[in-house]
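**Student:** fold the stuff below for me.
(chains A and B)
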Amino acid sequence: MHGRKRTEYKHRFADPQVAAGLAQKAQQWYALSDKALSLRENDDASMTLPLLDKMLRVNPDPLHLWNIRRSQLLLQSDSNWLSTELALTAAGLERNPKAYGAWFHRKWVLQRQSITTQVSTMESLLQQELALTDLFLQRDERNFHCWNFRRFLVGLELQLYGGTTDQDTTTLGDGSWWMTTTTTEQVIGPQITAASKTTTTIDSNNTTKIHSILQREWDFTQGKIVSNFSNFSAFHYRSKLLLLSSFGDGNGWSPKLASTSTQSVQAMAEQEWSLMENIMFTEPDDQTIWWYHRFLLDFVVTQQQQSAADWYVPWLARQAETLQVLVEEDDSERGCKWGLLGWHLVLSRLVASSEENKEERHQQMETVLDRLIEVDPDRTQRYQIMKKQKQQKPQP
Amino acid sequence: MTTTSSSTSIDKTQKVSLQVPTTTDVPPFFAGLHTSYIAGLAEKLDAKTSYEGAVTEHLRMSGVYWSLTALSLLKSPEEVDVIMGLTAPTAGRPISIVDWVLQCYDNRSGGFGGNIGHDGHLLYTLSAIQILALADRLQDERFLNLKESVIDFVAARQQPTDGSFTGDEWGEIDTRFTYCALSSLSILKALDRVNVTQAADFILSCRNFDGGFGCTIGAESHAGQVFTCVGALSIAKSLHKLDADLLGWWLAERQCDSGGLNGRPEKQADVCYSWWILSVLSITGRVSWINRDKLATFILKCQDDEDGGIADRPDDMADIFHTFFGISGLSLLGHLHAAIPECAPFRQIDPVYALPTDVVQKLGLQGQIMVAQEGDSVEERLQQYDTLTSQHKLFQ
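**Tutor:** Here you go, the predicted model:
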């Protein structure tokens, strides 16, 4: 009963008319349910499919009903059922946008389509599907089912251009992104078992296409973030997209930047920091951006090696200064907890990479932890452990 | 354990106060009301005029498991058996729960369905096995006849490519299913039928920058999914591969001002995360990283003080799902034991298998838990597990 007010709910059920109406609906459901189970035995699709259509529009959750439907569809000689299934799943998802069974059925249908359909038709179909995710994410920007579905679509799309190639083998229609070249890390995995495997080679002419898809997804997260800084789902997706930029040479991609033509890690990191800085000063108590900040610091370290210390350390030092200002200017009751945590994080990275002002920075970290215990007493235990660690293991 | 009273009558006025020292205005724990709520549920949902019963008939197996386990934390096994009609029919019900569970076996797939005649699925197969474990009927001859087929069904769900599991033969991949499979096989003493190492590696490939896990590789971290992943790693004895400090921190930050826990950053608190998160903090030895009293207070405020049951949030309509998670959460917090010494000693819930600890111990179920620091003592209820001392990583 997620989010149903108790008194209203009980009051509603206490009304004999409402109760009678719901009782009738229940009896109708059970009658349909019994019929669906009995019909599966005689494989009469002409009766079963309309019945299931009726049921799943009302309640898109029961997995076994989707199963019966798929079994019946596979028996059809005419396999032209794409539009009916897309309409049915869309109606079910209107009813319950978190129905696992409906999202899965849609993926299953699209997977089958992706195998038999020519590229141009599939391209326009996927465009429509992406538009649907846009609509659902406007209604609930954190619906993880829908974000997953969007990544599934991108997997199908990349597959059209050989962009999901694992060496020479493409797993068809499982929604995974298995990017080529320098690393084997899988950024987006399968959501449904592969329909088949085939051998393919990447046409280098398609590289531009693949890059434009990734850029479009990056821009999509940008749009979501700009409309609400709190969209952790968008930042999460961004973290995965950024990992793809580590593919580096040849077929690699990195997000095209608004402010500069240099597509280096430094330029990208600078741009992300300026976005963060804005958000941190606007919504310092919103934890979303602070998690992404932590990710970006880790990401930069994995990309930079030690060689770029001449950029890295000053970059961190600037962040430390900015966050100190944020923390010291704060006069809210909450005491800028996340600013303190972010500042502590940057300081700890600084003392690990630079000898400069080390003693002073250690001192600041200690002060920050003490302040955190004051402003966030619920999590004292963790801060105490952090303090103890520092005493036991002074950093080199 | 011994039964202090042979009476199974339900005293609606039994309201015993919890000792929650730091807050005022905390409602007591309504043990009697919850017992009557759970006891009355089956009859209510079984009525063909019940709307709730109709829309949830497909997951009835899980509903029965939630009911039984929640009640098992409040009453002795003998009382639970009589109140629920677990092993023998009770007044007004034609067959026992155990008989009903066996009727939900789906011989087409070899798994258990959510209701009679429904398709086998890992979600309901685990619930069915858990119910049989609670009823001490895993050695029932009728089940022994099915056992090999059930094991085959579960083992066949593992994908040879990456070690992931599908929910059924239709191919949906989700980390929830890995937990269902490993827990089921562990209870049936058949873990050797799957590649446990590969299963654990798949889980780890779903880890995100925040230390959490999502449904698939690349999916956003979600506290519910984190339980299934850490539970699976515990059963696979692979907790050493976890970054428990980072994960513990992310989970600790799920605690909201209300004291309740949310499932993702900047989302509303919900009682169900009391279980999903506390279980993981228990497995990783980090329950003290949140404010336990505030959480207990939040759960207590979500109780229905008229009809029993627990809701997702204060003043919302109660349901069995949240009742189970609320009571289990209070059990993991130790509040049930601390509060009601004069009652028959409550059984505790096990954080890995989500069954009463005595059931887990009797079945000799295996797993791994973590203590946060060298020298930390292991709670009695977890002493059968392998213990791993996690070395705190430096918080950088």
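
**Student:** which positions in the stretch 201-350 of chain B make contact with chain A?
**Tutor:** Proximity of the stretch 201-350 of chain B to chain A (CB under 8 Å from any CB of the partner chain) is limited to residues B:205-206, B:208-210, B:214-222, B:248-250, B:252-253, B:255, B:264-267, B:270, B:288-291, B:294, B:304, B:311-313, B:315-319, B:322. In this view, the C-beta of every residue, glycine as well, is placed from N, C-alpha and C.

**Student:** quick check: residue A:289 touching residue A:278?
**Tutor:** No. With contacts defined as CB atoms under 8 Å, residue A:289 does not count as touching residue A:278, sitting 9.2 Å away.

**Student:** just give the nearest non-adjacent residue to the closest residue to chain B within chain A, would you?
**Tutor:** Checking chain A residue by residue against chain B with CB to the nearest CB singles out residue A:189 as nearest, at 2.6 Å. Nearest residue to residue A:189, sequence neighbours excluded (CB to CB, 6 or more residues apart in numbering or on different chains): residue B:217, at 2.6 Å.

**Student:** quick one: the strands in the chain, in order.
**Tutor:** You didn't pick a chain, so chain A it is. With DSSP state E as the definition, chain A shows strands at residue ranges A:169-171, A:197-199.

**Student:** try chain B instead
**Tutor:** Using DSSP E, strands in chain B cover B:368-371, B:386-389.

**Student:** so where's chain A uncertain?
**Tutor:** Counting by pLDDT under 70, the ranges of chain A that qualify are A:1, A:43, A:163-171, A:178-185, A:197-205, A:246-254, A:256-263, A:304-307, A:391-396.

**Student:** and the longest helix for it?
**Tutor:** helix A:16-39 (DSSP state H).

**Student:** show me what that helix is packed up against.
**Tutor:** With contacts defined as 3 or more CB pairs under 8 Å, 6 or more residues apart in numbering or on different chains; DSSP states H and E, the secondary structure elements packing on helix A:16-39 are helix A:6-14, helix A:45-58, helix B:51-55.

**Student:** and the stretch 251-396 of chain A, which residues reach chain B?
**Tutor:** Residues of the stretch 251-396 of chain A lying near chain B by CB under 8 Å from any CB: A:286-288, A:291, A:294-295, A:298-299, A:345, A:348-349, A:352, A:377-379, A:381-382, A:385-386, A:389, A:393, A:395.

**Student:** ok and the residue in chain B nearest chain A?
**Tutor:** Taking CB to the nearest CB, chain A has its nearest neighbour within chain B at residue B:217, 2.6 Å off.

**Student:** check that residue and give its pLDDT.
**Tutor:** For residue B:217, the pLDDT comes out at 95.

**Student:** circling back to that earlier point, what about residue A:289 and residue A:278, which has more around it?
**Tutor:** Here residue A:289 and residue A:278 are set side by side on neighbour count (other CB atoms under 10 Å in any protein chain shown), and the busier one is residue A:289, at 25 against 12.

**Student:** ok, and the closest non-adjacent residue to that one?
**Tutor:** Take residue A:289 and drop its neighbours on the chain: the residue closest to it by CB to CB, 6+ apart is residue A:279, 4.5 Å away.

**Student:** ok, the one you found - how many residues close by?
**Tutor:** 18.

**Student:** contact partners for it?
**Tutor:** For residue A:279, the contacting residues are A:229, A:286, A:289, taking CB atoms under 8 Å, 6 or more residues apart in numbering or on different chains as the criterion.

**Student:** mind putting those in a markdown table, distance to residue A:121 included?
**Tutor:** Shown next, in a markdown table, are the contacts of residue A:279 (distance: CB to CB, whole Å):
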| residue | distance to residue A:121 |
| --- | --- |
| A:229 | 39 |
| A:286 | 43 |
| A:289 | 41 |
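
**Student:** so which of those residues belong to helices?
**Tutor:** Filtering the contacts of residue A:279 for membership in helices, criterion DSSP H, returns residue A:289.

**Student:** picking that back up, residues making contact with the longest helix of chain A?
**Tutor:** Contacts to helix A:16-39, defined as CB under 8 Å, 6+ apart, come from residues A:12-13, A:47-48, A:51-52, A:54-55, A:58-59, A:65, A:68, B:48-51, B:53-55, B:57, B:117-118.

**Student:** among those residues, which ones are buried?
**Tutor:** A:48, A:51-52, A:55, A:59, A:65, A:68, B:49-51, B:53-55, B:57, B:118 (16 or more other CB atoms under 10 Å in any protein chain shown).
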